[in-house]
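Q: Quick one: sequence and predicted model below, then my questions.
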Amino acid sequence: MMMLQTPPPIRLLRMMADRGRAADFRQAGIVSKAVKVRHARNRNPVRGEKPAVTLILVSDEPQPTELQRNEWELVREMVVDVQADVDLETEESGVDDTGMEVLMLVIAVFVDSLRDQNVPSWLGGYCDWISIGALEPDDRSTPDEGRMTRALSVLYRVRSDDENVLLAAGENG
C-alpha cells in the first residue's frame, strides 16, 4: 500500500505558521505579550489567546496553463486570510486612537516573517511567490476587541499527474 504525502496546502500552511511563531511581534512595542499564531479550527480566539494571528485557508485552485513551465507541472494558487485578533486599549489610553494600528502592525510583522530570506525554511524554496492582497477591517470588531484580515496569495507548483506532489527545491530527489 502506498503512503500518501501530506497535501501541499497543509505543508505550506504549517510552514507559514512556524514562520509566524518565530516572528518578533514585540518589536517597537507593538504588543506587550506573545502573539499566538494558530490555524483556524472552527472557532475564533478567545480571551487569553489574544493577541492572535489565525491562518484561514480560503481556497486552493489550479491556475492557467500559461503559468506552467512544462507539461509535467501544474501551478496552483492558495489564498489564505491572515486574521489578527487583539484586545484593544481604551481610546483614553492614547495607545491607538483608531483601534486599527496595532492590528495592522501585527499583520505586517507576520507577513514580513514570510518574506525573510535570511531565515532557514524560508517559503521561497517551496512556492513561486507570495502576493499581499486586501487589508480589511472585520465587521465583528468591537471597541474592545479588534479584528482585521489580510489576504495572501501563494503560488506553488505540483506534478500535473499527481497534485499531492509538491515541486520544490530538494523535495523530489
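A: Right, received. Where do you want to start? Numbers count the residues shown, from 1 in each chain.
Q: Tell me who's in contact with residue 69.
A: Contact analysis of residue 69 by CB atoms under 8 Å, 6 or more residues apart in numbering lists residue 157. (C-beta placed from N, C-alpha, C; glycine too.)
Q: would it count as being in a strand?
A: No: going by DSSP: H, G, I helix; E, B strand; the rest coil, the assignment for residue 69 is coil, not a strand.
Q: For it, give its distance to residue 75.
A: Per CB to CB, to the nearest Å, residue 69 is found 9 Å from residue 75.
Q: overlap in contacts of these two?
A: residue 157.
Q: Low-confidence ranges, the chain, go.
A: Across the chain, the ranges flagged by pLDDT under 70 are 1-3, 28, 116-122, 170, 172-173.
Q: hey, where'd the helices end up in it?
A: Listed in chain order, the helices of the chain (DSSP state H) span 8-21, 101-115.
Q: Just send the ones you listed back as a markdown table, with distance to residue 89 and mean neighbour count too.
A: A markdown table is the format used below for those (distance: least, CB to CB, whole Å; neighbours: other CB atoms under 10 Å):
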| stretch | distance to residue 89 | mean neighbour count |
| --- | --- | --- |
| helix 8-21 | 23 | 19 |
| helix 101-115 | 8 | 20 |
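Q: can you list the ones you listed in TSV and add distance to residue 137?
A: Formatted as TSV, the helices of the chain follow (distance: least, CB to CB, whole Å):
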stretch	distance to residue 137
helix 8-21	21
helix 101-115	8
